[in-house]
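A.B. asks: my questions concern the predicted model and sequence given below.
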Amino acid sequence: GEIGGEVAVGHPPHAVGAEQCGHEGAYCPTGEVVVGRDTRPSGPMLQAALVAGLCSAGVDVALAGVLPTPGIAFLTVARAARAGGVISASHNPVPDNGIKFFSDAGVKIPAALEDDIERALERPPTDLPVGEAIGTCDPAPDALERYVAHLVDGVEDPLAGLRVVLDCAFGAAHAAAPEAFTRAGARVTAMHAEPDGSRINVDCGSTRPEAVAAAVVRGGADLGLAFDGDADRVVAVDERGEVIDGDRILAMAALHLRERGALDGNVVVTTVMANLAMLRALREAGVEVVTVPVGDRYVAEAMAEHGAVLGGEQSGHIIFGRHTTTGDGILTGLQVASLVAAAERPLSSLAALFEPYPQTLINVPVRRRDDIGSAEALWEEVRAAEARLGDEGRVLLRPSGTEPLVRVMVEAADGRTAQTTAAALAEAVRRHLG
């Protein structure tokens, strides 16, 4: 029951829904926790366990049902709740699952607080409330409607009959995405839009955009959008079936906002995975770029620190700070479609802002991913590779946050160099980390 007490900081200055509670700038959570999930078969089981634990600690729960992760972040603020919880494994395979928590401000809680919660689980309290003091659990029947209305409110330029193909990945976007795009004026073709958690992310969605690309070309659509299982990220596809990743989306949005005088501080936040060509293109256009470690939590923190209203990742987590507190795939997709509608130019033309450097990413299974920081012999090989690449490339090694993997990324001016360097470093990771 201490989650709200630890993280409650009141509404952020631009929080959606702050006006509904009448406590401008003040701490005003209601005491409830909003809980939602994606479509995975294990979702109801984990939801039941989470809700039981919260109620046993005297916390009231509002059940939002199957809803995108950013929808829970939005509702947490809009309902002035003390926290939000999402049961999802995002883009991961069907058997995986987990829980993400949002503070009352609609942002992911700090890693230190997550550690505190894990330690608290090892010493459960013995004086839990009983009788009428336990928490209640009630559905939030208007959750989907409120979230969709919020999404559509963020569309500045109506989509005016734009033909859009949506790949909902059999996940949390299955209802919200088609409804939001239809209300915004698009002609929608939805695929993988059944809430079938046994197929979530399987050969579809943002990690496998080939299906939506083929559908766009086959149907003569203006663009396609592929969401991941919990719809906090999106990958776009232009009218030719070419994939437009988060780097290109971020660059398009940055220049559009700057043209409208809406890029506060003339700054954009991205991660170390961003393509060198994108970084150079924005800087040459006079936009300051701040880079942070991989993870939308770090992007959000840096946006707050630098007063930025736009940030994101190559993977398609994009945060439009004027509209949302966290990465939102559906909202981002609506912004991309709105750009196309307003420009009256094809997406392929709008996205042609830079020629990406070839990148090779290899995921290396290891037994000891946490030993990467102390593997000095491995880092000697990394430094040697960086010296060979010089200013025309870079190397990034990092442990996965969710899987027993080390990710090896190499970027170079030509694809063959990127591939051979990445392969050599992947082999070095296997030797040194097992």
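C.D. replies: In hand now; what should we look at?

A.B. asks: would you map the helices across the chain?
C.D. replies: Residue ranges of the helices in the chain, as given by DSSP state H, are 3-7, 43-56, 69-78, 111-121, 143-153, 173-183, 210-219, 246-259, 276-284, 296-306, 329-343, 347-350, 376-389, 415-433.

A.B. asks: ranking those helices by burial, who's on top?
C.D. replies: Ranked by mean neighbour count, those are led by helix 69-78 with a mean of 30 (mean count of other Cβ atoms under 10 Å). For every residue, glycine as well, the C-beta is placed using N, CA and C.

A.B. asks: now do the contacts for Ser56.
C.D. replies: Leu128, Pro129, Ile134, Gly135 (Cβ atoms under 8 Å, 6 or more residues apart in numbering).

A.B. asks: ends of stretch 259-270, how far apart?
C.D. replies: Using Cα to Cα, to the nearest Å, the span of stretch 259-270 from its first residue to its last is 20 Å.

A.B. asks: in that stretch, what counts as buried?
C.D. replies: Within stretch 259-270, the residues scored as buried using 16 or more other Cβ atoms under 10 Å are Leu263, Val267, Val268, Val269, Thr270.

A.B. asks: if we can go back for a sec, make a markdown table from the helices of the chain and add mean pLDDT and distance to Lys100 to it.
C.D. replies: Formatted as a markdown table, these follow (pLDDT from 0 to 100; distance: least, Cβ to Cβ, whole Å):
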| stretch | mean pLDDT | distance to Lys100 |
| --- | --- | --- |
| helix 3-7 | 29 | 13 |
| helix 43-56 | 96 | 11 |
| helix 69-78 | 98 | 7 |
| helix 111-121 | 88 | 10 |
| helix 143-153 | 98 | 16 |
| helix 173-183 | 98 | 16 |
| helix 210-219 | 97 | 25 |
| helix 246-259 | 96 | 19 |
| helix 276-284 | 94 | 27 |
| helix 296-306 | 94 | 10 |
| helix 329-343 | 97 | 15 |
| helix 347-350 | 97 | 31 |
| helix 376-389 | 93 | 31 |
| helix 415-433 | 94 | 28 |
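
A.B. asks: quick one: which of those helices is nearest Ile362?
C.D. replies: helix 415-433 (4.3 Å; Cβ to Cβ).

A.B. asks: state the distance from the residue of the chain most remote from its centre to Pro125.
C.D. replies: The centre of the chain is farthest from one residue, Gly131, which by Cα atoms, centre = their mean lies 39.7 Å away. Using Cβ to Cβ, to the nearest Å, Gly131 is found at 17 Å from Pro125.

A.B. asks: same list (the helices of the chain) but as a markdown table, adding distance to Val237.
C.D. replies: Putting the helices of the chain into a markdown table (distance: least, Cβ to Cβ, whole Å) gives the following:
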| stretch | distance to Val237 |
| --- | --- |
| helix 3-7 | 38 |
| helix 43-56 | 28 |
| helix 69-78 | 21 |
| helix 111-121 | 34 |
| helix 143-153 | 20 |
| helix 173-183 | 15 |
| helix 210-219 | 5 |
| helix 246-259 | 11 |
| helix 276-284 | 18 |
| helix 296-306 | 22 |
| helix 329-343 | 10 |
| helix 347-350 | 8 |
| helix 376-389 | 31 |
| helix 415-433 | 21 |
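
A.B. asks: nearest to Pro93, of these?
C.D. replies: Of all those, helix 43-56 comes closest under Cβ to Cβ, at 14.2 Å.

A.B. asks: what's the closest of the helices of the chain to Asp167?
C.D. replies: helix 210-219 (4.0 Å).

A.B. asks: contacting residues around the closest one?
C.D. replies: Residues outside helix 210-219 that contact it (Cβ under 8 Å, 6+ apart): 163, 165-167, 189, 191-192, 203-204, 221, 223-226, 237-243.

A.B. asks: about what we covered before: can you list which of the buried residues of stretch 259-270 are found in strands?
C.D. replies: Residues from these lying in strands, with DSSP state E as the criterion: Val267, Val268, Val269, Thr270.

A.B. asks: among these, which two are most distant?
C.D. replies: Val267 and Thr270 (10.6 Å).

A.B. asks: got any residues that touch both of the two?
C.D. replies: Val289, Val290.

A.B. asks: between the buried residues of stretch 259-270, which is closest to Val107?
C.D. replies: For those, the minimum distance to Val107 (Cβ to Cβ) is 13.8 Å, reached by Val269.
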